[in-house]
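Trainee: sequence and predicted structure below; questions after.
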Amino acid sequence: MKKLTKNKLPVDMKMDMYAAYKKDFQNGIISVGDVCNANCFFCSQKWNPPGVIKRLGRFLTMDEIKHFTTYLYKVKWINSGIHTNTGEFFLHPNAIEILNYLAANDKLSEHNYSPVYSNGMGLTLEHILLLKK
């Protein structure tokens, strides 16, 4: 297998971030970014020293999410962090589109992709109905 280089990455991020997201998806974790609306005391990204957990500082785009889902084997979690339960999935501006994409994708739809790490502050009835599917 060829080793990826920065100028050959299919998404616009540094190699270490790409590797972290790829690893999450390979482990069945759908990480969509690390943006959050809370400052929980147990959150690694808020309270650990800088650099302990890599941060993207934004949500993934739909194209990036679609790219990384090519690495999925079996969905275990939907998450907004990288290797931790940080970020808030339902703040993602495309949360509905992401849930619809997962439900419509033949490879993914056979898997149960709950639970979702969430503080619930951005959760809507539409999200709940999609998750119920």
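Mentor: Structure's in. What do you need? Just so it is clear, the structure is predicted and the values come from calculations on it, not from any experiment.
Trainee: which residues does residue 29 bridge with?
Mentor: Beta bridges link residue 29 to residue 77, judged by DSSP bridges.
Trainee: relative to residue 89, how far out is it?
Mentor: Distance of residue 29 to residue 89, computed by Cβ to Cβ, to the nearest Å: 11 Å. (Glycine included, C-beta is placed from N, CA and C.)
Trainee: now for these two: what residues contact both?
Mentor: Residues touching both residue 29 and residue 89 (Cβ atoms under 8 Å, 6 or more residues apart in numbering) are 78, 79.
Trainee: out of everything not next to it in sequence, what's closest to the residue minimising distance to the centre of the chain?
Mentor: Most central residue of the chain, judged by C-alpha distance to the mean C-alpha position with Cα atoms, centre = their mean, is residue 31 at 1.4 Å. Among residues not flanking residue 31 along the chain, residue 24 sits closest, at 4.3 Å (Cβ to Cβ, 6 or more residues apart in numbering).
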